[in-house]
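Take a look and give me a structure for this.
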Amino acid sequence: MKRSHSPVYAVSTGAREGSWNMDFDTQLLELFRTGKFQKEFGKESMLWRFYAWNPPALSLGYGQNPSEIDEESCRAKHIDIVKRPTGGRAVLHIDEFTYAFCAETSRSNAAIYEMVHEVLLETLMILGVKAAFCRTTPDMRKRYSSAESVSCFTASARNELHVDGRKLVGSAQRRSDRAILQHGSLLLSTKHKMIGKLLRCRDREILSNITRDLNSKTTSLYELTGSIPDFMTISNAMITSVSKILAVDVQILDEREITTLF
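Numbering: from 1, shown residues only. This is a model prediction of the structure:
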């Protein structure tokens, strides 16, 4: 890729509560929409954020019906329930590495989606995993209309990353004027498959289909490599990949340098 002359930043916010994480991403999008971030850190600047979840949380897409989730089961397992500012379906954030990308850009949503996943593809190579792009374009509206689609990881969009046909990363976007937010989850273990136990659905066939899809259509770093890299290892691999794909020197920010702008 041609060298970018735009400043590129990265910040690590570690493991936080689900509501804090989603509020942070929402406020990042607003900073870019209003131009506050660019005024502080440079015209056409971009930001990557790396984070995790403590305690685990189940996030719902912006327009998803909360009645699909069994709140009592979530409480019993000490799993928070939060809404994402982005679309898509439910994601159980447990044993995962999460990223967010924010920028003000005229580039299309699809172009940003592909660029971000090029970075993730390079990151996975550093971590010892050879992934590939999904090049099909499924009818997501039709897919989401089915009862089995309650989990984000049972459906794949164009330019998402697969290993032997199984999904490893799930991502979602939201645009506000010229500002765009994309965030997503890199699965570290098989614990995301617990989501079937957190649904209100009592139809055995539907639950069986969800379990089948999670087993056949998803994978994780642990299943592929036999180990789970620590947070810092993945963060450093992401920074290396951003530098390579965008041909820039990534500048590291402290969380407080951003929150003062909120």
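
CA atoms for contacts and neighbours, from now on please.
Noted.

Do a quick rundown of the helices in the stretch 51-200 of the chain.
Here the stretch 51-200 of the chain has its helices, by DSSP state H, counting those that start in this stretch, at 71-76, 109-126, 140-144.

Find the one among these with the highest mean neighbour count.
helix 109-126 (a mean of 18; mean count of other Cα atoms under 10 Å).

ok, and what's touching it?
Contacts with helix 109-126, where a contact means Cα atoms under 8 Å, 6 or more residues apart in numbering, come from 101, 130-132, 159-161, 173, 175, 180, 182, 234, 237-238, 240-242, 245.

Stretch 172-192 now?
Applying Cα under 8 Å, 6+ apart, the external contacts of stretch 172-192 come out as 25, 28-30, 32-33, 85-88, 91-106, 109, 113, 168-171, 219-223, 228.

For PyMOL, what selects the buried ones among those residues?
The buried subset of the contacts of stretch 172-192, as determined by 16 or more other Cα atoms under 10 Å, is captured in PyMOL by this line:
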select buried, resi 25+28+29+30+32+33+85+86+87+88+91+92+93+94+95+96+97+98+99+100+101+102+103+104+105+109+113+168+169+170+171+219+220+221+228
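
Which elements pack onto the helix or strand hosting Q27?
Q27 is part of helix 18-34 when elements are defined by DSSP states H and E. Applying 3 or more Cα pairs under 8 Å, 6 or more residues apart in numbering; DSSP states H and E, we find helix 18-34 packed against strand 46-53, strand 80-83, strand 96-104, strand 169-176, strand 179-187.

tell me how far the fourth one is from the chain's mean position?
Meaning strand 169-176. Here the centre of strand 169-176 is set off from its chain's centre by 7 Å, with Cα atoms, centre = their mean, to the nearest Å.
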